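Asks: Here is a sequence together with a model predicted from it:
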Amino acid sequence: ELTLMQTDLQILREAGLKCVLRFAYTDDMNGTDAPLAIVEQHLDQLKPIFEANKDVIAFVQAGFIGAWGEWHSSSNNLSTTENQKKVLFKLLSVLSTEIMVQVRTPAMKQNIFNTTQPLTADVAYSAENQARVGHHNDCFMSGGTNYGTYSNVEAEKNYISSEALYVPTGGETCPPQSGYDPTCPEGRTEMQLLKWTYLNLDYYQPTVNAWKNSGCFDEFNRYLGYRLALVSAELSKEATTSAEYQVKISLTNKGYAPLYNYKNTLLVLKNKDSGTAYEVPLAVDVRACKPNGTLTIAESVKFTGIPAGNYNLYLKIADQSETLKNRPEYAVRLANTDTWVEEEGLNNLNHELQITTP
């Protein structure tokens, strides 16, 4: 099975995709999961797979416990907070610290970490376990408590809304309860509040199809996750090979969520005559561009080693992985028209620069 999994992940990589992983022992409410010792043994066996494929793993749902790995109906008493914590911490320990894990309900995270306070900026993106745990809701848009996802609905939704500035939320819909109607306005409001970053289209089909028929599905598809756009770029038209060059670029995020995985951001200079490209790293962390917010990149850079000449300027927001950083499929495309250079994964700043030797 591990060989099959590695084959699938390699196919995923070749296709230019990433995955949200979840492991489960049964898809039957009356089925059996595994004892804790076996879960831990399996996680040890999975560790090399996780490490070899961390570049194409977007997030991991905690899984393993109960039917569908949704952390209920465990046949081995794994649904207690104590055992949930053991499974979660073991999973976190075998994953690279850059990979975030999602748990099934907000109360589960609150109970495991013994706090109802959401993540704050000073802890976010660190290697601490709490900073690596987000949320998945597999009965999204079903009304009421979303089949027990929430116990204190308003408070826990606000908790997730705050947490989702730093950790991911996503999942799938469920059959609506008690006459609830998951209309387009309801879906939009919930996705914006909870900073929804992905949605499983396979379930629940009637809700997804209703959005398609009502005309809002394409909107949701565009705004799920981050949607960065260039606001402005203030760049001089002249520079020298030795002096500092001031970069001021403003981005906005029109999406429902921020980015959660670190990206390498670079200013790219492409020589107009030779076509040779030069990359100048920027220190900015674009995860700081939150929904409905603006992020200004204001940095001084030097063009050491770049020959004098005339250049076109581009912004590159690339995957942090060595294996994917030069793959255009994994670069961030800004939501502006006529700026994307698809074959190179670059965003055209529509700016020309002349570099001279002092």
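Replies: Good, I have the coordinates. On a predicted model such as this, the values are computed, not experimentally measured, just so you know.
Asks: Can you give me the buried ones in stretch 250-263?
Replies: 250, 251, 252, 253, 255, 256, 257, 258, 259, 260, 261, 263 (16 or more other C-beta atoms under 10 Å). For every residue, glycine as well, the C-beta is placed using N, CA and C.
Asks: Please disregard the earlier target; I meant stretch 182-194.
Replies: Residues of stretch 182-194 classed as buried under the neighbour-count rule (16+ other C-beta under 10 Å) are 182, 187, 188, 190, 191, 192, 194.
Asks: From the residues you listed, pick the one nearest residue 65.
Replies: residue 194 (22.9 Å; C-beta to C-beta).
Asks: Please verify my assumption that the closest one contacts residue 164.
Replies: Yes - counting by C-beta atoms under 8 Å, residue 164 is a contact partner of residue 194 at 6.2 Å.
Asks: quick one on the thing from earlier: which two among the buried residues of stretch 182-194 are spaced furthest apart?
Replies: 182 and 192, at 14.6 Å, using C-beta to C-beta across the buried residues of stretch 182-194.
Asks: picking that back up, which of the buried residues of stretch 182-194 sits closest to residue 50?
Replies: Distances from residue 50 to these, taken by C-beta to C-beta, are shortest for residue 194, at 27.0 Å.
Asks: which residues does that closest one contact?
Replies: 137, 157, 160, 161, 164, 169 (C-beta atoms under 8 Å, 6 or more residues apart in numbering).
Asks: mind listing what the nearest residue to the first one once chain neighbours are set aside touches?
Replies: This means residue 137. Leaving aside its sequence neighbours, residue 137 sits nearest to residue 171 (C-beta to C-beta, 6 or more residues apart in numbering; 4.1 Å). By C-beta under 8 Å, 6+ apart, the contact set of residue 171 is 136, 137, 138, 139, 140, 199, 200.
Asks: will you turn those into JSON lines that also has pLDDT, neighbour count and distance to residue 105?
Replies: Below are those laid out as JSON lines (pLDDT from 0 to 100; neighbours: other C-beta atoms under 10 Å; distance: C-beta to C-beta, whole Å):
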{"residue": "136", "pLDDT": "98", "neighbour count": "26", "distance to residue 105": "9"}
{"residue": "137", "pLDDT": "98", "neighbour count": "25", "distance to residue 105": "8"}
{"residue": "138", "pLDDT": "97", "neighbour count": "24", "distance to residue 105": "10"}
{"residue": "139", "pLDDT": "97", "neighbour count": "24", "distance to residue 105": "10"}
{"residue": "140", "pLDDT": "98", "neighbour count": "25", "distance to residue 105": "12"}
{"residue": "199", "pLDDT": "98", "neighbour count": "23", "distance to residue 105": "18"}
{"residue": "200", "pLDDT": "97", "neighbour count": "15", "distance to residue 105": "17"}
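Asks: Tell me the first helix or strand C-terminal of the longest helix belonging to the chain.
Replies: Determined from DSSP state H, the single longest helix within the chain is helix 36-52. Next helix or strand after helix 36-52 toward the C-terminus (DSSP states H and E): strand 57-61.
Asks: what's in contact with that following strand?
Replies: 18-22, 50, 69, 91, 95, 99-102, 104, 134, 136, 168, 170, 198, 260-261.
Asks: Mind checking which of the residues you listed are buried?
Replies: Buried positions within these, assessed by neighbour count (16+ other C-beta under 10 Å), are 18, 20-22, 50, 69, 91, 95, 99-102, 104, 134, 136, 168, 170, 198, 260-261.
Asks: Any idea how many residues pack against residue 111?
Replies: Close neighbours of residue 111, defined as other C-beta atoms under 10 Å, add up to 17.
Asks: isn't it right up against residue 83?
Replies: No - Residue 111 lies out of contact with residue 83 (C-beta under 8 Å); the separation is 11.7 Å.
Asks: Leaving out the residues flanking it, which one is nearest to residue 167?
Replies: Once flanking residues are discounted, residue 167 sits nearest to residue 134: 3.4 Å by C-beta to C-beta, 6+ apart.
Asks: For the one you found, pull up the helix or strand it's in.
Replies: strand 133-140.
Asks: Then residue 126?
Replies: Using DSSP H and E, no helix or strand contains residue 126.
Asks: Helices of the stretch 151-300 of the chain, start to end?
Replies: Counting by DSSP state H, counting those that start in this stretch, one finds helices in the stretch 151-300 of the chain at the ranges 153-163, 184-194, 205-214, 217-223.
Asks: Adding distance to residue 243, write these out as CSV.
Replies: Listed next are these as CSV, based on distance: least, C-beta to C-beta, whole Å:
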stretch, distance to residue 243
helix 153-163, 43
helix 184-194, 44
helix 205-214, 53
helix 217-223, 41
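Asks: Relative to residue 342, which of the ones you listed is closest?
Replies: Set against residue 342 and scored by C-beta to C-beta, the helices of the stretch 151-300 of the chain come closest in helix 217-223, at 17.7 Å.
Asks: so what secondary structure elements neighbour the closest one?
Replies: helix 184-194, helix 205-214 (3 or more C-beta pairs under 8 Å, 6 or more residues apart in numbering; DSSP states H and E).
Asks: closest to residue 334 out of these?
Replies: Ranking those by distance to residue 334, with C-beta to C-beta as the measure, places helix 184-194 first at 20.7 Å.
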